[in-house]
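*Asks:* Okay, here's the prediction I keep looking at, along with the sequence it came from:
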Amino acid sequence: MSLSPEQVFRIAQLARIEITTAEMDVMRGHLNGILSMIDEMQAVDTRGVEPMAHAQELTQRLRADEVFEMNRRDDFQEIAPEVENGLYLVPKVIE
Amino acid sequence: MKATDWEVVIGIETHAQLATCSKIFSGAATAFGSEPNSQACAIDLALPGVLPVLNREAVACAIRFGLSVGAQIAQKSIFARKNYFYPDLPKGYQISQFEHPVVSGGGIVIPLENGEEKQIRLTRAHLEEDAGKSLHEDFHGKSGIDLNRAGTPLLEIVTEPDMRSAREAVAYARALHALVRWIGICDGNMQEGSFRCDANVSVRPRGQREFGTRREIKNLNSFRFMQQAIEYEVRWQIETLEDGGTIRQATVLFDPDTGQTRAMRSKEDAHDYRYFPDPDLLPLSIGEDWIANIRAEMPELPAQLAQRFQNEYGLSSYDANTLTANRETAQYFLDAVSAAGAALAKPCANWIMGEIAARLNREEREIAESPVRPQQLAGLLTRIDDGSISNNIGKKVFDALWNKEGESADAIIAAQGLKQLTDTGAIEAMIDEVLAANARSVEEFRAGKEKAFNALVGQVMKASKGQANPGQVNDLLRKKLQG
């Protein structure tokens, strides 16, 4: 499987990354390299092997339902570019 | 040409906010209405180096729900990242479940208009985190972001496309709403967004196998809006198709002011979210013993309880369903019956659905706040049943209980001298006085006017201040008049 230039631009758009045509060519090479490696892996017979969702054979530890985080808004908002009335301000996003 | 007979197809996705104190992956509080960003911790803000840790209670809520709808609880389920960019989603992905949800299958029974029932099949229910809130007004051209809601645990409950009208969709939403509150996993507050429904609506010519193209109506936060939105959307789709147009898959919003739906954006394909297992979270394992423990603590479900009310107390299906509309009402009824005895179950039901419901409604109170407690109602109904007071005096005593004029029906009856008069001599004396004062009615009765008899009974009851036993008055009066 290999990606078309349009597919690479689409992936960049979904990731909100702006790329030039030259950059697209480089990335397309990298991505196709990764995909061909995956193709090789796909060739391995994995019948009878349970798909894994995590590299470690452990299960999720659970936390008691308790509130232990205190309000640290002032600390967090000190490093934010712009805040007002306790809100983080961002470029207008409504369509 | 005969007009096409259209069939409506509806599936519903509901986001139920789970009633936990802390967030699904962090120890920040979930309380509604706090100062903006005062409940958004480093994990909710996606600051570098943080790791999510799953809240046990959120998982327990999902298990409780699965058990209540007869679904499969997955022994092992997986959390996945759903990737998209929006400023109220700080990580750039939402932690959700994709391939292996915690709950699969099951169903919810809804009542149909014709008195029959219909099973709505559930596809799945999965755990996920909520996003924050974007405020678009009045920030000199910018949007304001409040991340208090980010990371709040949600159970997304998805149905099969089994509903065939707006009415069925609303019946399903109501049944689900009652159920999640009943089992205590969600407060069901729709104004605060604790219970939000999206409806996938399509139409097809009746008899066609394939589904039509669907449009998804987002964020319906009241049952009335859901009904209006679906009805409008169905009309719009049918008109569009009959005018030769086509439906494009889209997400639409309902505007309650105009009663119309309008397209928001064309729907992204599922694969555009690029789901993949979240490496920050290990698979969730749910053991048989955990499920068994939760099963043992489950309350009797509304459908089972309604059945029991019919079997044990001889209530009608309508009464049984009304009394199991929510857990507080059912508990009130059970407490009243346990104090009054099963023989008085029907009067208990009548008073709860009649007098009590009407007053609560008028005073905009919940049954848990009823000034008349179940034991007090039972005491009152016992006195009506044993003939100590008439039904009419009973209403008076009820008033007094409601206004806290006494601790019990007995205390009020004694204090206000309301005990029914059953002394034959005393009633006869009153009858004599009434007959003497109403010679004309007596004449009329003797002339064959039955109406005049009723007027005389009324006079005697009045003379006794309503305390005479009406049956006794009837008998004694008739004897006197005929004697």
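*Replies:* That came through, no problem.
*Asks:* C-alpha from now on. contacts and neighbour counts both.
*Replies:* OK.
*Asks:* Specify the local secondary structure of B:V158.
*Replies:* Assigned with DSSP: H, G, I helix; E, B strand; the rest coil, B:V158 falls in the strand class.
*Asks:* Where does pLDDT dip in chain A?
*Replies:* When residues are selected by pLDDT under 70, those of chain A lie in A:94-95.
*Asks:* Do you have the strands of it handy? List them.
*Replies:* Counting by DSSP state E, chain A has these strands, from start to end: A:62-63, A:83-84, A:87-91.
*Asks:* Report whether the longest one contacts chain B.
*Replies:* Yes: Strand A:87-91 lies in contact with chain B when judged by CA under 8 Å from any CA of the partner chain; the contacting residues are A:87-91.
*Asks:* what sits up against the helix or strand bottoming out on mean pLDDT in chain B?
*Replies:* The helix or strand of chain B with the poorest confidence is strand B:260-266; it has a mean of 79 (mean pLDDT, DSSP states H and E). Strand B:260-266 has contacts (CA atoms under 8 Å, 6 or more residues apart in numbering or on different chains) with B:217, B:229, B:232-233, B:248-255.
*Asks:* thinking again about what came up before, single out the most deeply packed of the strands of chain A.
*Replies:* Per residue and on average, the most neighbours among the strands of chain A fall to strand A:87-91, with a mean of 19 (mean count of other CA atoms under 10 Å in any protein chain shown).
*Asks:* which other helices and strands contact that strand?
*Replies:* Packing partners of strand A:87-91 (3 or more CA pairs under 8 Å, 6 or more residues apart in numbering or on different chains; DSSP states H and E): strand B:142-146.
*Asks:* ok, back up a step: when you filter the contacts of strand B:260-266 down to buried only, what's left?
*Replies:* B:217, B:229, B:232-233, B:249-254 (16 or more other CA atoms under 10 Å in any protein chain shown).
*Asks:* The least confident helix or strand of chain B - which strands sit beside it in the sheet, and in what orientation?
*Replies:* The strands beside strand B:260-266 in its sheet (DSSP bridges) come out as strand B:250-255 (antiparallel).
*Asks:* which other residues reach the partner strand?
*Replies:* B:214-220, B:225, B:229, B:260-267.
*Asks:* ok, now stretch A:59-70?
*Replies:* B:20-22, B:26-29, B:39, B:41, B:53-57, B:281-285.
*Asks:* now the lengthiest helix in chain B against strand B:260-266, angle please.
*Replies:* Using DSSP state H, we find that the single longest helix of chain B is helix B:223-242. Angle, helix B:223-242 to strand B:260-266, by axes from the mean of the first three to the mean of the last three CA atoms, to 10 degrees: 70 degrees.
*Asks:* And the residue nearest the centre of the chain?
*Replies:* Looking at chain A here, since you left the chain open. For chain A, the residue nearest the mean C-alpha position is A:A15 (7.8 Å; CA atoms, centre = their mean).
*Asks:* please go with chain B instead
*Replies:* B:A178 (3.8 Å).
*Asks:* Confirm that that one sits in a helix.
*Replies:* Yes: according to three-state DSSP, the state of B:A178 is that of a helix.
*Asks:* for chain A, what are the nearby residues on the stretch 251-400 of chain B?
*Replies:* So the stretch 251-400 of chain B meets chain A at B:272, B:277, B:279, B:281-285 (CA under 8 Å from any CA).
*Asks:* okay, now the nearest residue to B:E233 once chain neighbours are set aside: neighbour count?
*Replies:* Leaving aside its chain neighbours, B:E233 sits nearest to B:T261 (6.4 Å; criterion: CA to CA, 6 or more residues apart in numbering or on different chains). B:T261: 20 surrounding residues under other CA atoms under 10 Å in any protein chain shown.
*Asks:* Next, B:E312: secondary structure please.
*Replies:* Classified using three-state DSSP, B:E312 is helix.
*Asks:* Oh, that last question was meant for B:R167, not what I typed.
*Replies:* helix.
*Asks:* how about it, what does it touch?
*Replies:* Taking CA under 8 Å, 6+ apart, we find B:R167 in contact with B:Q227.
*Asks:* try A:V90
*Replies:* A:82, B:87, B:142-145.
*Asks:* Just the buried subset of those, written out for ChimeraX, thanks.
*Replies:* The ChimeraX command for the buried members of these (criterion: 16+ other CA under 10 Å) is given here:
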select /B:87,142,143,144,145
